[in-house]
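Q: What follows is a predicted protein model with its sequence.
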Amino acid sequence: MKEIPLKFQMEYRAVSCKHLPELQADVDQLRAANKIHNNEVFQSYIADFKYQVPEDFPEAKFVIIVAVSKPIAKIQFQYENEAHDVYIGSPYYDSGYTDEIVQESLRKRINLPSELKLVQNLKLHQKLLAVRSGLGVYGRNNLCYVGDMGCFVNLYAFYTDYEGLSDSWEEIKTMKYCKTCNICLNNCPTGAIREDEFVIDISKCIPLYNEIDGIFPDWIPKIAHNALMGCLKCQFICPGNHKAIKGITNLGEMNEKETQMILEGNIPKENVQEVCQKLKFLDPEDVCRKLKMCDPEDFDRILPRLSRNLKAIILREV
Ligand code: B12
Ligand code: SF4
Ligand code: SF4
């Protein structure tokens, strides 16, 4: 049986399915108050999320929310005799464990009898579930913080028909540091984090634009771009991450030639495998984060995005 490597921390909570209507009510209230932005891309990610017992698994009794530590990564690009440390947000690179491994590890942790099921569900607002279960708390940047792992975690949700779990249910909580802290608000380069409203303005949130193809909107300041994919400005400096930030994964170095190839968006076939391997890049097409490492065969599809994002960081060209 495969297990999550020991260097990663894993925590979980179980929520009885009887709370699903309450979870859905949390989201419905937010929607009714017009706090869920109607940005098309954002809506395409969350439109079919629903807290309800899955139709094809009516025996489900609990939904288990799991957090597994996932440090951010750093890769050094050599360009015109200068070294540029470029960071990659935690969802976008392969750290060595897969959904299947998380699932198997969870089975073992909860001693799931072999005749019972554990079914992953990607169509849930996972942070809310994590916070409601008491596994984590919200930060002002709207991320979910789980103990010493900070917000550098992958979240996973699984339904199970196992009844031998205890129901964990809490009020929605904010991280205690946030009471007296404004750091992320002041450091967000686009003003997505707001003074007077807890829910961030996701239409201003950089990952919404740099995860996908396209030209960056010109209201994003040139100096805002800070990660090969995603954005780390509200996470790097957050006191809630002071322990987790020490565990950055070092992905090594891209030499001058490789950097140039990525900037030009043109990698000869014979180099693709190696570049792909070094970047350990996950397929961002799957926004629900199936954590499938980008296939070298498919790298052509991702390359324009990487090239655009790297140019924005190293050359400040957008
Ligand atoms: C859509 C999406 C995005 C969108 C929108 C982000 C967003 N804030 O919604 C974009 C592309 C911008 C994005 C960016 C990122 N994402 Co994202 N994303 C998702 C996805 C698919 C859905 C999120 C969602 O449901 N949003 C809807 C909003 C409404 O939900 P919410 O933020 O929980 O909102 C709740 C609170 O606002 C609360 N609330 C309302 N009022 C109040 C008031 C108070 C006082 C309190 C305490 C709470 C509260 O109620 C809301 C729900 O009812 C999830 C995966 C999943 N299936 O859940 C990953 C996920 C949230 N993303 C993740 C990550 C890591 C990121 C990035 C950090 C990646 C990066 N490095 O760039 C950034 C962070 C941006 C940010 N500051 O939020 C992780 C988060 C891990 C964590 N520790 O929280 C997830 C869970 C993926 C995963 N499985 O690991 N993401
Ligand atoms: S930077 Fe400060 S306000 Fe923002 S999430 Fe972290 S502790 Fe909270
Ligand atoms: S991810 Fe970047 S743009 Fe989005 S809220 Fe955080 S700092 Fe702002």
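A: The structure has been received and is ready for your questions. Numbers count the residues shown, from 1 in each chain. Ligands and ions are numbered 1, 2, ... in the order given.

Q: C-alpha only now, for contacts and for neighbours.
A: OK.

Q: Output the set of residues of this protein in proximity to ligand 2.
A: Within the chain, the positions adjacent to ligand 2 are 139, 140, 141, 177, 178, 181, 182, 183, 184, 238, 239, 240 by C-alpha under 6 Å from any ligand atom.

Q: residues near the second one, how many?
A: Burial measure for residue 140: 26 neighbouring residues, criterion other C-alpha atoms under 10 Å.

Q: just the fourth one next, same as before
A: Neighbour count for residue 177, taken as other C-alpha under 10 Å: 13.

Q: I'd assumed residue 242 was in contact with it.
A: No: between residue 177 and residue 242 there is no contact under C-alpha atoms under 8 Å: 11.5 Å.

Q: In CSV: the residues of the chain next to ligand 2, plus distance to residue 36 and pLDDT.
A: Below are the residues of the chain next to ligand 2 laid out as CSV (distance: C-alpha to C-alpha, whole Å; pLDDT from 0 to 100):
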residue, distance to residue 36, pLDDT
139, 17, 98
140, 16, 98
141, 15, 98
177, 25, 97
178, 22, 98
181, 24, 97
182, 23, 96
183, 24, 98
184, 21, 98
238, 24, 98
239, 27, 98
240, 25, 98
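
Q: Quickly name whichever of those residues is closest to ligand 3.
A: residue 141 (5.7 Å; C-alpha to the nearest ligand atom).

Q: before we move on, the earlier item: which of the residues of the chain next to ligand 2 are buried?
A: Buried members of the residues of the chain next to ligand 2, counted by 16 or more other C-alpha atoms under 10 Å: 139, 140, 141, 178, 182, 183, 184, 238, 239, 240.

Q: Can you tell me the SS state at residue 217?
A: Per DSSP: H, G, I helix; E, B strand; the rest coil, the secondary structure class of residue 217 is coil.

Q: Quick check: it vs residue 206, distance?
A: Applying C-alpha to C-alpha, to the nearest Å, the value for residue 217 to residue 206 is 10 Å.

Q: how far out from the middle of the chain is the helix or strand bottoming out on mean pLDDT in the chain?
A: Least confident helix or strand, the chain: helix 269-279 with a mean of 83, by mean pLDDT, DSSP states H and E. Its chain's C-alpha centre and that of helix 269-279 lie 24 Å apart, by C-alpha atoms, centre = their mean, to the nearest Å.

Q: Which strands or helices does that helix pack on?
A: If contacts are counted by 3 or more C-alpha pairs under 8 Å, 6 or more residues apart in numbering; DSSP states H and E, helix 269-279 sits against strand 249-254.

Q: The strand it packs on versus helix 269-279: what angle between them?
A: 150 degrees (axes from the mean of the first three to the mean of the last three C-alpha atoms, to 10 degrees).

Q: Could you pull out the buried residues of strand 249-254?
A: Residues 249, 251, 253, 254 are the ones in strand 249-254 that count as buried (16+ other C-alpha under 10 Å).

Q: Let me know whether residue 150 touches residue 243 as I believe.
A: Yes: using C-alpha under 8 Å, residue 150 is in contact with residue 243, at 7.5 Å.

Q: Spell out which parts of the stretch 1-150 of the chain neighbour ligand 3.
A: Checking the stretch 1-150 of the chain against ligand 3 by C-alpha under 6 Å from any ligand atom, the hits are residue 141.

Q: Check the contact lists of residue 177 and residue 242 and give me the overlap.
A: Listed contacts common to residue 177 and residue 242 are nil; contacts here mean C-alpha atoms under 8 Å, 6 or more residues apart in numbering.

Q: What is the burial count for residue 194?
A: A total of 17 residues lie near residue 194 under the criterion other C-alpha under 10 Å.

Q: what's the burial count for the closest residue to ligand 1 within the chain?
A: Per C-alpha to the nearest ligand atom, residue 230 is where the chain lies closest to ligand 1, at 3.1 Å. Residue 230 has 22 neighbours, counted by other C-alpha under 10 Å.

Q: got the contact list for the residue found closest to it once you drop the neighbours it is linked to in the chain?
A: Leaving out its chain neighbours, the residue that sits closest to residue 230 by C-alpha to C-alpha, 6 or more residues apart in numbering is residue 207, at 4.3 Å. Neighbouring residues of residue 207 by C-alpha under 8 Å, 6+ apart: 229, 230, 231.

Q: isn't the second one right up against residue 210?
A: Yes: distance between residue 230 and residue 210: 6.4 Å, which falls inside the contact criterion (C-alpha under 8 Å).

Q: mind checking the SS state of residue 246?
A: Secondary structure, three-state DSSP: residue 246 is helix.

Q: ok so, going back, among the contacts of residue 207, which lie within strands?
A: In this view, these have no member that belongs to strands under DSSP state E.

Q: Just give me the closest of the residues you listed to ligand 2.
A: residue 231 (14.0 Å).

Q: and stretch 298-317, how far apart are its ends?
A: 25 Å.

Q: ah, wrong one, I meant stretch 192-201
A: Start-to-end, stretch 192-201 (C-alpha to C-alpha) is 5 Å.
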